[in-house]
Every structure is written in C-alpha cells, then in structure tokens.
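In: Would you be able to build a 3D model of this:
(chains A, B, C and D)
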2 protein chains.
Amino acid sequence: MRRQEAEALILSAAEKVFAEAGFGGATMQLIADVASLPKANLHYYFPTKENLYRQVVQNIFQIWLQAADIFDQADGPAEGIGAYIDAKMEISRRHPEGSKVWAAEVMHGAPVIQDYLETTLTDWTNGRIAVIERWIAEGRMDPVDPRHLLYMLWATTQHYADFGHQIETLNGASPLTDAQWDAAKANVKRIILNGIGANDLS
Amino acid sequence: MRRQEAEALILSAAEKVFAEAGFGGATMQLIADVASLPKANLHYYFPTKENLYRQVVQNIFQIWLQAADIFDQADGPAEGIGAYIDAKMEISRRHPEGSKVWAAEVMHGAPVIQDYLETTLTDWTNGRIAVIERWIAEGRMDPVDPRHLLYMLWATTQHYADFGHQIETLNGASPLTDAQWDAAKANVKRIILNGIGANDLS
DNA sequence: GGCCATCCTGACCGTATGGTCAAGTTCAGA
DNA sequence: TCTGAACTTGACCATACGGTCAGGATGGCC
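Out: Below is the predicted model:
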C-alpha cells in the first residue's frame, strides 16, 4: 500500500474511533481493528497516539475553514450567512465524526490545537466580524453583536453533528431523512436571518 | 465524614475531572487527588468508576430538567422562551463542567443515559412541542418547527459552556465578564425571539 | 537475478489503571 | 468502658495499554 492510502485509511478509522470513544477511551488496537491493520503498522505511519490524534484534528480544522470562503464571496448578510449556514449544516451531515472530535478537543481545553485557536481561528473570526459590522453599518441587518452571532451560527449548525445521537433518539431512533435535513436547514436559516433583520426583502 | 458529605465531595471532584478529561481520560487516582481522599476511599462509596460516572450524569440531568419548569409557568412565547434562555444560560455559566460531561456522554452515543433520552427527555420534549404549537395556533409567534426551535435553544445556550474555552480564547484569553454574559444573553434572546416573531409587542 | 528502500507484523516490555483486601480507626450508644 | 457498625487506607494484584523491535515480505530498478 502506498504511504498516502495507508495514512488516509488510518486517519479515517481514527476519526471514527476518537469520535465515539474520546481520546482517552480510544485505543490503538481498536483503531487498528477498524482499519483492518495490525497495531504495529499504525505505529509505522504515526509514531504515537497523540501524533495520530493531532493529525485528525488538523484535518477537521481544514474542512471547517473551507466552509468560511462562502462567507466572503457574498455581497450581503442574507446570502452570506445563509450560505454559511447551509455549508456548515452540510458538514454536520457529512462529517459528524470530525465535528465530534473537534468538540471534544475544545471541551477538554484544546490541549492539542490551542495555537490554532489563538492564531488562525482568531484571525478568521476578526475578519468575519469586520464583514458583519460593515453590513450593519450599511443598514442591511440589525445591529447585533457580531461575535455572539458567530457563536450562534457555530452552535446551531454543529449541534446537528455533536448531538446527532440525541436528535436521532428524539426522532424515533431514526436518522433524519433528506426532507428532515432540509427542514432543519430551512428553520435555522429562517429564524436566524429573520432574527437579525436580514430577510431577502431588505 | 458523613456519607452524604463524602459522596457530594467525590461527585463534585468527579464532575470536574470527567469534564476535563472525558470518561476514558479520567482516572480514579486523579479524582481522588482532587477530592483530597485516598483512592481506596472512593471505591468504598462508589464501587466502580462507571457507577460514579453514572451518578454524575444523573445529577446533571436533574439540573437540566429543573430549568424546564420556567417554560410552563409562562403564558406566552416571549416570556416563556426568554426565561428558558436565561435559565439555561445561567446553568452554562454556573455549571459548565456538568454541561460538558453531558455533551460528551451524548456525543459518545449516550451509553449510560440512553434510557433517559428515550423516556424522560422524549416526554419532556413532546410536552414543550405541544406548548409551542399552541402558541403558534394562537398566532403569538411564527409557525416555525417547534422541534428545531428547541434544538436551537439547547445548542445556543449550551455552547457557552461546552465551547467556553474557545469563547474565552477568542475573548483574549479572559473569561467573560458579567457585562459580557449579559450581552450574550441579550443577543441570544433578541435574535431568537425576533426570529420567531415573538417580540414583547406581539 | 541481485540489491535496496520501503513496508509489514508477531512477540514482547514497562507502566498505569481499576479494583481488592485486610488491618486498622472512629464514634455513637448501651 | 465495652461493643460493633461505619469508615479509612496503604499495599497489593491482574490486566490492558502505548510503544518497541527484530526479522521478514514486497517491489521497483539496474
């Protein structure tokens, strides 16, 4: 197997196991089983458990950041924030494991990616705040606190991944259907866009 | 030491350690150190680590449910949902560890409290949905999907506890001040209540 | 075929962890 | 003061875990 394939296979298995069991609860043996590889083989590609974990988290952060591009390409709050919500909801749907690993990492004080929070995430956040403040100054949305608006966007969209099990249970133990996902997206967009006075009409 | 005091002391230490390290990452030795008790003493009151964890999670669920009472005592959406947001934000502020333990438990598939999700939480949710549907029928708020509205309330309020570390980092590595907490509450209430057409005016 | 770098893996090791236990200590009540 | 139930704890044990390693397999290239 080529190095690239092997690493991708291991990273995928690791993401799943870390999401389900947490860093402490995950074992290299279990990750190896999920990847159908001997445990020693994992240590050939990733020297330590922590190193493997670090790469999983970094991969997630990249996906996370990509969704941000949409924000900038829009020329107004209804379009920009609406598209951002769509993108993040789609990530919650397609990469729930990654979202969970990220959530657990942050919940435990971000021991591994604290530097990302302080640099990349801080810069990204400040950039978006500037955009939102411009929209507010232009009278295209209500004067809400941009920072708390961003927190609300993150919280609401990631909730569908991080608390997916709870939502599924409350949905009669069935995963959300396509229609239900659409309804979720529509409701989130409707309430938030309406809540900040950024309807398509404005 | 009386049984009650000892158990409360251990539960408090356990909540802290489980929140910071997760179930797998927490060790009985560390919990014992935080509680300033010998490890063997923990096993006198709580036979196993899993048993101790279970009780921690159950305690959190109780606090969680208490905040729900406010919902019912209100006679309209602006008052009811507003008070519920206040109550849950206050819980995020006062019991962030508990919120984190709960989040981790659900994220990992609720291995310990699945039965609570299926019984108590399902009943509670259905009850609140009925209330919201009545408000909608009475024209006191927009016809949003009550289920997704509840998810949004949970997500937004609990985010301030679960992702408190991220928020603190983005706040210049400082905990939110009293004024900032008030601003957070006000923003959440404003956007959501406005978003569902439940202003005080209506 | 011969060579070499890369890849693979069963067997092994030191350590840390959850849990046990037997020998104490404390203290309320008779 | 005596008794016994509740509580405390240092020492100990079996297990499971992360990580190592030496020897072997593979495959591209001359």
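
In: is DNA strand D contacted by stretch A:55-70?
Out: No - with C-beta under 7 Å from any atom of the strand as the measure, stretch A:55-70 is seen stopping short of DNA strand D, the closest distance being 12.8 Å. Every C-beta, even on glycine, is put in place using the N, C-alpha and C of the backbone.

In: Outline the domain layout of chain A.
Out: Here the domain assignment for chain A is A:1-47, A:57-195, based on automatic domain parsing.

In: which residue of chain A sits farthest from its center?
Out: Computed with C-alpha atoms, centre = their mean, the maximum C-alpha offset from the centroid of chain A is found at A:Ala40, amounting to 30.9 Å.

In: roughly how far apart are that one and DNA strand D?
Out: As judged by C-beta to the nearest atom of the strand, to the nearest Å, A:Ala40 and DNA strand D stand 4 Å apart.

In: And A:Glu50, by the same measure?
Out: 6 Å.

In: tell me what the lowest-mean-pLDDT helix or strand in chain A is packed against?
Out: Taking mean pLDDT, DSSP states H and E as the measure, helix A:69-73 is the helix or strand of chain A with the lowest mean score, a mean of 83. Packed against helix A:69-73 by the contact rule (3 or more C-beta pairs under 8 Å, 6 or more residues apart in numbering or on different chains; DSSP states H and E) you find helix A:77-94, helix A:122-137.

In: residues in contact with A:Ala184?
Out: By C-beta atoms under 8 Å, 6 or more residues apart in numbering or on different chains, the contact list for A:Ala184 reads A:Met89, A:Tyr160, A:Leu176, B:His148, B:Tyr151.

In: can you map out the helices along chain A?
Out: Along chain A, counting by DSSP state H, helices occupy A:3-25, A:28-35, A:39-45, A:49-66, A:69-73, A:77-94, A:96-107, A:114-116, A:122-137, A:146-162, A:164-170, A:178-195.

In: before we move on, the earlier item: same list, the helices and strands packed on helix A:69-73, but as TSV with mean pLDDT, distance to A:Arg190 and mean neighbour count please.
Out: Putting the helices and strands packed on helix A:69-73 into TSV (pLDDT from 0 to 100; distance: least, C-beta to C-beta, whole Å; neighbours: other C-beta atoms under 10 Å in any protein chain shown) gives the following:
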stretch	mean pLDDT	distance to A:Arg190	mean neighbour count
helix A:77-94	96	10	20
helix A:122-137	96	18	15
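
In: Nearest to chain B, out of those helices?
Out: When these are compared by C-beta to the nearest C-beta, helix A:122-137 sits nearest chain B, at 5.6 Å.

In: separation between A:Phe23 and A:Arg54?
Out: The gap separating A:Phe23 from A:Arg54 is 10 Å, by C-beta to C-beta, to the nearest Å.

In: Next, format the helices and strands packed on helix A:69-73 as JSON lines and append distance to A:Ala103.
Out: Conversion of those to JSON lines gives the following (distance: least, C-beta to C-beta, whole Å):
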{"stretch": "helix A:77-94", "distance to A:Ala103": "11"}
{"stretch": "helix A:122-137", "distance to A:Ala103": "17"}
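
In: who wins for proximity to DNA strand D among these?
Out: With C-beta to the nearest atom of the strand as the measure, helix A:77-94 is the member of the helices and strands packed on helix A:69-73 nearest DNA strand D (27.2 Å).

In: For the closest one, which outside residues touch it?
Out: Outside of helix A:77-94, the residues that reach it under the criterion C-beta under 8 Å, 6+ apart are A:63-64, A:67-68, A:70-74, A:98-99, A:131-132, A:135, A:140-141, A:153-154, A:156-161, A:164, A:181, A:184-185, A:188-189, A:192-193, A:196, A:198-200, A:202.

In: got it, and stretch A:135-153?
Out: Outside of stretch A:135-153, the residues within contact range by C-beta under 8 Å, 6+ apart are A:76-77, A:80-81, A:84-85, A:88, A:125, A:128-129, A:132-133, A:192, A:196-198, A:202, B:156, B:159-160, B:163, B:167, B:170, B:183-184, B:187-188, B:190-191, B:194.

In: What of stretch A:49-57?
Out: Stretch A:49-57 is contacted by residues A:10-11, A:14-15, A:18, A:23, A:26, A:28, A:31, A:42, A:46, A:98, A:101-102, A:105, A:112-113 when judged by C-beta under 8 Å, 6+ apart.

In: mind checking how far it is from the chain centre?
Out: Relative to its parent chain, stretch A:49-57 has a centroid offset of 17 Å by C-alpha atoms, centre = their mean, to the nearest Å.

In: Stretch A:49-68 too?
Out: Going by C-alpha atoms, centre = their mean, where stretch A:49-68 is centred and where its chain is centred differ by 10 Å.
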